[in-house]
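Asker: Task: produce atomic coordinates for the following.
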Amino acid sequence: MPEESKKPQPKRENLFVNVLFNVVVPSLLLMKGERLIGIPAWSVLCIALAFPIIYFLHDLKSRGRRNIISIIGFVSILITGGVGLLHLPSGLIAVKEAAVPGIFALVIVASLWTKNPLIKAFLINPDFFEVDKIEKAVAEHGAQAAFERVMRNGTLLLALSFFVSATLNYLLARWIVRSPSGTEAFNVELGKLNMVSYPAIALPATLISMMALWHVVAGIKKHAGLSLEDIMIKPEGAAAADAQAKE
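Answerer: Down below sits the predicted model:
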């Protein structure tokens, strides 16, 4: 039998490079840049924010897919830069930190009334899962209604993770960022916020997201008869080895 044609697999994101460009380098520049480089605070802010912007544009070009999380980060960076460069009240940072995940939480809940709940973009992502295979198996088992309930509950859990992130973001920003925008102290506080918020906020939000993913994967196993191994996209080498083993 002729082999089924498969879509080319998108390039996987490098987590180390992601953290380096979005967290480590910008934070160090904001905290130490003015003293080490000897340039004004606004220049340090521009250079620090350039790294995540460059990463976003490179990721978009190299992988050819709009990453929702990257888009959130990109919008957040532009707002942060606007507050610093326009010397707006520094308290807007806390509002921004809460508003970005808060808005996405509301959008995720609203997506329940659409044909494509956003849980598909965040968790059942075609970068990692064979979405077409899942949908076909669910249809073959006649379990569309039951699986829709699974997706709805998973969507609510995912929205909860963003609400938790919004609350923690606001409290942490209010605690750390206190200096007037456009100053060296403001940059240092932004750097600390960027560095501290990654583990402090990402961990609880990620745990809730993992609960949502576990719930959906369990639903796929129950209503489609597929295990996690069945639905995950395998690297080309591993896929070829599996095909040879089945022959």
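
Asker: what's the closest non-adjacent residue to residue 217?
Answerer: residue 228 (5.5 Å; CB to CB, 6 or more residues apart in numbering). Using the backbone N, CA and C atoms, a C-beta is placed for each residue, glycine as well.

Asker: so what's the backbone phi/psi at that neighbour?
Answerer: When read as degrees, to the nearest 10, the backbone of residue 228 gives phi -60, psi -40.

Asker: now the longest helix along the chain: mean pLDDT?
Answerer: In the chain, taking DSSP state H as the definition, the longest helix is helix 184-224. The average pLDDT within helix 184-224 is 86.

Asker: next one: it to chain centre, how far?
Answerer: 8 Å (CA atoms, centre = their mean, to the nearest Å).

Asker: Toward the C-terminus, what is the element adjacent to that helix?
Answerer: Following helix 184-224 in sequence order, the next helix or strand is helix 228-231 (DSSP states H and E).

Asker: would you put the C-alpha positions of that following helix in PDB?
Answerer: Provided in PDB are the C-alpha atoms of helix 228-231 (Å, rounded to 0.1, in the frame of the first residue of the first chain):
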ATOM      1  CA  LEU A 228      -0.900   9.800  24.500                       C
ATOM      2  CA  GLU A 229       1.700   8.000  22.500                       C
ATOM      3  CA  ASP A 230      -0.800   7.500  19.600                       C
ATOM      4  CA  ILE A 231      -1.600  11.200  19.300                       C
END
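
Asker: contacting residues around it?
Answerer: Residues from elsewhere that reach helix 228-231 (CB atoms under 8 Å, 6 or more residues apart in numbering): 129, 130, 133, 134, 217, 220, 221.

Asker: Looking at neighbours, which among those residues is most surrounded?
Answerer: residue 220 (25 neighbours; other CB atoms under 10 Å).

Asker: And the helices in this protein, which stretches?
Answerer: Using DSSP H, the helices of the chain run over 15-19, 25-37, 41-63, 68-85, 91-110, 119-122, 131-140, 144-176, 184-224, 228-231, 236-246.

Asker: Run through the residues that contact residue 220.
Answerer: 134, 138, 147, 150, 226, 231.

Asker: Help me confirm that the fourth one comes into contact with residue 217.
Answerer: No. Using CB atoms under 8 Å, residue 150 is not in contact with residue 217, being 9.6 Å away.
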